[in-house]
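Trainee: Here is a sequence with its predicted model. Questions after.
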Amino acid sequence: MIMQPRLFDGDAPGYLFTEGIKYIGSKSKIIPYILQIAQGLGGSTVFDGFSGTTRVSQAFAKSGYRVICNDIAPWSEVFGTCYLLSKKPASEYVDLINHLNGVVPVDGWFTEHYGGYPNGGCAVQQDGLKKPWQVHNTRKLDAIRQEIEILNLPPEDKAVVLSSLILALDRVDNTVGHYVSYLKDWSSRSYDSLVLRVPNLFESMQDHSVLRCDISEIASSINADITYLDPPYGSNNEKMPPSRVRYASYYHVWASVCLFDDPAVFGRAKRRSDSTDSLASSAFEEFRKSVSGRYIAVEAIDETLNMIQSQWIILSYSSGGRATAEELRDVIDSNGKLIDVVSIDHKKNVMASMKWTHQWINDCNEFNKEFLFLIEKR
């Protein structure tokens, strides 16, 4: 049998700086592998179908590709607009950022729901709830967010300052990286003051696009040489409630910061009412099976791969995801040719090894593994 040439061997290639928040499922550590695969394929345009914090989109843009960045989350659109569409140098935002840092703190919606007092180090408040930020920072958040609306900034400028605000909040939070529960004892960083900084903007000569769409509505109409897909995985833990693995639940606060719509909230984490399972469910995170007997999450991957028009698809998937190795193999085989697989073990400092078409099956049953599947579409 003639073997396909390996795309790379040994350790990960060089690191490329990107910027983002703490994020479950972040691909920041495997970006070098993603770029290495893409650079061996040729082409100049990349469609990032589930862009999340946009770290992968940023990396592709910094590497010279034209990027079509898409995610259904409002905060992802804000990050994409900030890093891919803003054309001003960072120096032009210094005065604006300084102005926002100087606003007088006020009590508002964010302080009402998410601000807590030190209480000798305990984050549990009189209402019995833990809070994600100390009140001295939510008061600044309330004032800064109101001032951004008053300034009525152009879309790109607004995205830059909103990104700066989210990044600043991420540096002083009382969480482990998501907002469905908060730490019982205040984290050391939560005592720090909220200070905005100009995001790490970069110059790009490409005409990038930023979309906020359900991928099923646009996949068949996107013209790109390479498509990178990092769908939300859901969980293969049968005991975990589905609401605990939905990204709309994990990052509901960032939606509120971006939309500034004072939504109704519920539960001990004060989640947005539109982040409930009935309103914000994703087929890719679904733990149930369809009438056909297949997991709905697996069917969603199948349908997406079928719609993609690119010659090349790079699919990220975790060994902790809902789809089994056999199911993934069947889905990939039905939509194209599996050229290669990069297996990444997070317990071993993200060292990678290349696996041929069928050798990865056993590895995919191990936890803490990340896989990059290179697929050539039929």
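Mentor: Nice, I can see it.
Trainee: any idea where the helices of the stretch 251-378 of the chain begin and end?
Mentor: Using DSSP state H, counting those that start in this stretch, the helices of the stretch 251-378 of the chain run over 252-259, 277-280, 296-307, 325-335.
Trainee: Settle this for me: Leu85 is touching Val210, isn't it.
Mentor: Yes. Between Leu85 and Val210 there is a contact at 5.9 Å, judged by Cβ atoms under 8 Å. In short, each C-beta sits where N, CA and C put it, glycine included.
Trainee: Would you check how far apart Glu303 and Ser163 are?
Mentor: Separation of Glu303 from Ser163 (Cβ to Cβ, to the nearest Å) stands at 32 Å.
Trainee: Give the full set of residues in contact with the closest residue to Asp340 other than its chain neighbours.
Mentor: Closest residue to Asp340 apart from its sequence neighbours, by Cβ to Cβ, 6 or more residues apart in numbering: Leu374 at 4.8 Å. Counting by Cβ atoms under 8 Å, 6 or more residues apart in numbering, Leu374 touches Leu7, Ile37, Trp312, Ile313, Ile314, Leu338, Ile339, Asp340, Val341, Val342.
Trainee: now swap in Ala38 and tell me
Mentor: For Ala38, the contact set (Cβ under 8 Å, 6+ apart) comprises Val46, Phe60, Ser63, Tyr65, Ile226, Tyr228, Trp312, Ile314.
Trainee: For the residue nearest to Asp340, name its beta-bridge partners.
Mentor: Counting by DSSP bridges, Leu374 is bridged to Ile314, Asp340.
Trainee: Assign the closest residue to Phe284 other than its chain neighbours to helix, strand or coil.
Mentor: Nearest non-adjacent residue to Phe284, counting by Cβ to Cβ, 6+ apart: Pro231, 4.2 Å away. For Pro231, the assignment made with DSSP: H, G, I helix; E, B strand; the rest coil gives coil.
Trainee: For Asn306, see how far away Pro231 is.
Mentor: Noted for Pro231: a distance of 14 Å to Asn306, by Cβ to Cβ.
Trainee: Between those two, which has more neighbouring residues?
Mentor: Pro231 (22 against 15; other Cβ atoms under 10 Å).
Trainee: would you say Ala219 is within a helix?
Mentor: Yes. Assigned with three-state DSSP, Ala219 falls within a helix.
Trainee: give me every residue that touches it.
Mentor: Taking Cβ under 8 Å, 6+ apart as the criterion, Ala219 is in contact with Gly49, Thr304, Met307, Ile308, Gln309.
Trainee: And for the fourth one, nearest residue in space, chain neighbours not counted?
Mentor: Once its chain neighbours are removed from consideration, Ile308 has its nearest residue in Thr227; the separation is 5.0 Å (Cβ to Cβ, 6+ apart).
Trainee: Pull out the CA atoms of the helix or strand harbouring the one you found and give them to me as CSV.
Mentor: Thr227 belongs to strand 226-229 when assigned by DSSP states H and E. Output of strand 226-229 as CSV, limited to C-alpha atoms (Å, rounded to 0.1, in the frame of the first residue of the first chain):
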residue,chain,number,x,y,z
ILE,A,226,-9.5,25.3,3.7
THR,A,227,-12.2,24.9,6.3
TYR,A,228,-11.3,24.6,10.0
LEU,A,229,-14.0,23.1,12.2
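Trainee: Low-confidence regions, this protein specifically.
Mentor: Within the chain, the segments meeting pLDDT under 70 span 1-15, 233-245, 277-281, 320-322, 346-368.
Trainee: ok, which stretches of it are strands?
Mentor: Assignment of strands within the chain using DSSP state E yields the ranges 45-48, 66-70, 115-116, 133-134, 209-211, 226-229, 265-266, 271-272, 312-318, 336-345, 351-355, 369-377.
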